[in-house]
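Chemist: Please work out how this folds:
(one chain, ligands or ions: 2)
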Amino acid sequence: MKVDLSGALLNEFRKAEKEYEEAIARGDAEEAKKAAMKCAKLLREIAKYAPNREHYLKLAEKWEKASDVKIRRAVSENGKETEEDFSNYVKSFISQSKVTWNDIAGLDDVKRLMKETIVLSLIQKPESIQPWKGIMFFGPPGTGKTLLASACAGSLKATFFNVRTSMILSKYFGESSKIVSALYDVARDKSPSIVFIDEFDALTTKRDEMSEASRRMLATILAELDGFIDKKSERFVLTLAATNTPWDLDEAVLSRFSRRIYVPLPDKEAIKAMIRIHTKGLELKADLETIAARCVEKFYSGRDVSALCKEATWNMVREMNRLEELANLPFEELMKKRLNLRPLTLSDFEEAFKKIKSPLTKKEIERYEKWAEEFGSR
Ligand SMILES: Nc1ncnc2c1ncn2[C@@H]1O[C@H](COP(=O)(O)OP(=O)(O)OP(=O)(O)O)[C@@H](O)[C@H]1O
Ligand SMILES: [Mg+2]
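Modeler: Ligands and ions are numbered 1, 2, ... in the order given. Just a heads-up that it's a prediction; the model follows:
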C-alpha cells in the first residue's frame, strides 16, 4: 500500500466542495465563487502528484467554469429564475454511482426486493402489473439507506439524483415545488433515473413548524408519485426516499410510499461481512465472531462498524510506521515509499471499541421495530 498524501489535499477539496454547495444553497454567489476557485486550485495541486493527472486537470477546469456560469444560473441576481435555471440547478444533483450490490453487507431481503422492483419496472408487462414508483427506506442512522439507493442506481447505470431536501428548501429558492417539477422533468428525460430524496423527515407534515415551502414541495413530490403528471410514463423513474423518523410521516405520505422498507441495524453475519469489506486488502488475525458479537451488543450501525475498522487499521498503521517522521520527506520521495503493515489483531479492535460509541439506545431500536411491525412492508 502506498502512502497517499494527496489524501490530505482531497480532504481539503471535499471541504471546499461542501462550502460551495452550502453557498449555492444560501444563494451567496460571492462565497460560492470563492469556494469554486478554491476547489479548482486544490485539484490543480492534486494533479501535480496524482498518477491520473489529466483527470484532475479536467476537473479543475470544470470548477473554474463552475465559478462563473453555474453560479450565475443558480444564484440569479434579480431573483427571477427561469425554467432553464431550475433545470440546470437540478442537474447539479446528478451524481455518478459506482456502488454495487456487493458493496452492501447483509440486508439480503431488501436487496432482493430492490432488484425485483427494477426488473419489474423495465420488463415488458401487461398494464395491470405495475411496479412501485416510490419506496421509502426507514431505520436508524448509518444502516445503509443511502448505500442501497446508490447501489440501485449503480447496478442500473441509471441517472442518480441525490437530493437532500435541505438543499431544495434553502431560502433562496422559495420555489421548491418548481424545482421538484424540474427535477422530475429532467429525470424522465434522462431515464432510467433514480430520484433519491434524503432527509425526507424535513417534509413531514406532522411537524408544526413545517414551512410553506416544505408543504408545497411535499405536495409536488406526492403528485409526481400519483402519476397524474406523468407525461412519459414509459420512462423509468423510481423515487427512493429515506428517513430516520418514520413516525413523523403522515397518511398522505404513507399511502404514496406503499413500500416501506425497514433498514435495521446489522446482525452478526452482516457485521462479519462488513468488516471484510472495510478491511479489504489487509490480513485479519482476529476472531471475527467475537468482534461481531461485541458490535451487536453495542448497537453498532454499519457506519459505526466502518468507523471501528478504520480506527483499528489506524492503530496498526501507527504502530508499524513513523508517520510523523515521514512527513518531513519531500512529496516525490514519499510517493515512492510503502506503508509497513501487519495483520489486524483483536487488540487493535479492542482499542477501537473504546472510541466508537453508538448513539442508539435499546428503547429507540424498539421504537423502530414497533413501527416496522405496524407500518413496514415485508
Ligand atoms: N450494509 C452495509 N454494508 C456495508 N457498509 C455499510 C452498510 N451499512 C452502512 N455501511 C457503512 O456506513 C456508511 C453509512 O451508510 P449510509 O450512508 O448508507 O447510511 P444511512 O442509512 O443512509 O444513514 P443516515 O440515515 O444517517 O443517512 C456507508 O458509507 C458504509 O461505509
Ligand atoms: Mg443517508
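Chemist: ranges for the helices of the stretch 201-350 of the chain?
Modeler: 212-226, 251-256, 268-278, 288-297, 302-320, 323-326, 331-336, 346-355 (DSSP state H, counting those that start in this stretch).
Chemist: Quick one: closest of the ones you listed to Thr146.
Modeler: Nearest to Thr146, of all the helices of the stretch 201-350 of the chain, is helix 302-320, at 10.1 Å by Cβ to Cβ. (Glycine included, C-beta is placed from N, CA and C.)
Chemist: Report whether that closest one contacts ligand 1.
Modeler: Yes. Using Cβ under 6 Å from any ligand atom, we find that helix 302-320 touches ligand 1 at 302-303, 306.
Chemist: List the contacts of stretch 257-264.
Modeler: Residues from elsewhere that reach stretch 257-264 (Cβ atoms under 8 Å, 6 or more residues apart in numbering): 107, 110, 113, 117, 132, 134-140, 143-145, 148, 225, 241, 246, 249, 254, 368-369, 372, 375-377.
Chemist: From Arg303, how far out is the nearest residue to Thr204 once chain neighbours are set aside?
Modeler: The spatial neighbour of Thr204 that comes closest, neighbours along the chain excluded (Cβ to Cβ, 6 or more residues apart in numbering), is Asp248 at 4.0 Å. Asp248 sits 22 Å away from Arg303, taking Cβ to Cβ, to the nearest Å as the criterion.
Chemist: got a list of contacts for stretch 98-117?
Modeler: Applying Cβ under 8 Å, 6+ apart, the set of residues contacting stretch 98-117 from outside is 131-132, 135, 137, 144, 147-148, 150-155, 238, 259, 261, 263, 266-267, 269-271, 273-274, 276-277, 302.
Chemist: do that again at 7 Å, thanks
Modeler: The contact list for stretch 98-117 (Cβ atoms under 7 Å, 6 or more residues apart in numbering) reads 131-132, 135, 144, 147-148, 150-152, 154-155, 261, 263, 266-267, 269-270, 273-274, 277.
Chemist: repeat for stretch 271-282
Modeler: The contact list for stretch 271-282 (Cβ under 7 Å, 6+ apart) reads 1, 103, 105-106, 266, 288, 291-292, 295-296, 302, 305-306, 309, 313, 341, 344.
Chemist: Let me know whether that stretch sits next to ligand 1.
Modeler: Yes. Applying Cβ under 6 Å from any ligand atom, one finds stretch 271-282 in contact with ligand 1 at 274, 277.
Chemist: how far out from the middle of the chain is that stretch?
Modeler: Relative to the mean C-alpha coordinate of its chain, stretch 271-282 is positioned 20 Å out (Cα atoms, centre = their mean, to the nearest Å).
Chemist: Closest residue of the protein to ligand 2?
Modeler: Using Cβ to the ion, the closest approach of the chain to ligand 2 is made by Thr146 at 3.3 Å.
Chemist: For Lys125, see how far away that residue is.
Modeler: Look at Thr146 and Lys125: by Cβ to Cβ, they are 29 Å apart.
Chemist: related to what we said a few turns ago, so which helix or strand takes in the residue of the chain closest to ligand 2?
Modeler: helix 145-156 (DSSP states H and E).
Chemist: Please compute how far that helix lies from its chain's middle.
Modeler: 9 Å.
Chemist: heads up, I number from 45, so please use that
Modeler: That works, and once the first residue is 45, the last one we named lands at helix 189-200.
Chemist: Could you look up the next helix or strand downstream of it?
Modeler: Per DSSP H and E, the helix or strand that comes after helix 189-200 is strand 203-208.
Chemist: helices or strands up against the next helix-or-strand element following that next one?
Modeler: Using DSSP H and E, the next helix or strand after strand 203-208 towards the C-terminus is helix 209-213. Counting contacts by 3 or more Cβ pairs under 7 Å, 6 or more residues apart in numbering; DSSP states H and E, helix 209-213 packs against helix 220-233, helix 256-270.
Chemist: Can you say which of those is packed in most?
Modeler: Of all the helices and strands packed on helix 209-213, helix 220-233 has the most neighbours on average by mean count of other Cβ atoms under 10 Å, namely a mean of 21.
Chemist: right, and the helix or strand after it?
Modeler: For helix 220-233, the following helix or strand on the C-terminal side (DSSP H and E) is strand 237-242.
Chemist: if we can go back for a sec, kindly tell me how buried the residue of the chain closest to ligand 2 is, as a neighbour count.
Modeler: The burial count assigned to Thr190 is 17, neighbours taken as other Cβ atoms under 10 Å.
Chemist: for the one 4 residues further on, same thing?
Modeler: Around Ser194 there are 24 other residues, counting by other Cβ under 10 Å.
Chemist: correct me, but it touches Ser141?
Modeler: Yes. Using Cβ atoms under 7 Å, Ser194 makes contact with Ser141 at a distance of 4.3 Å.
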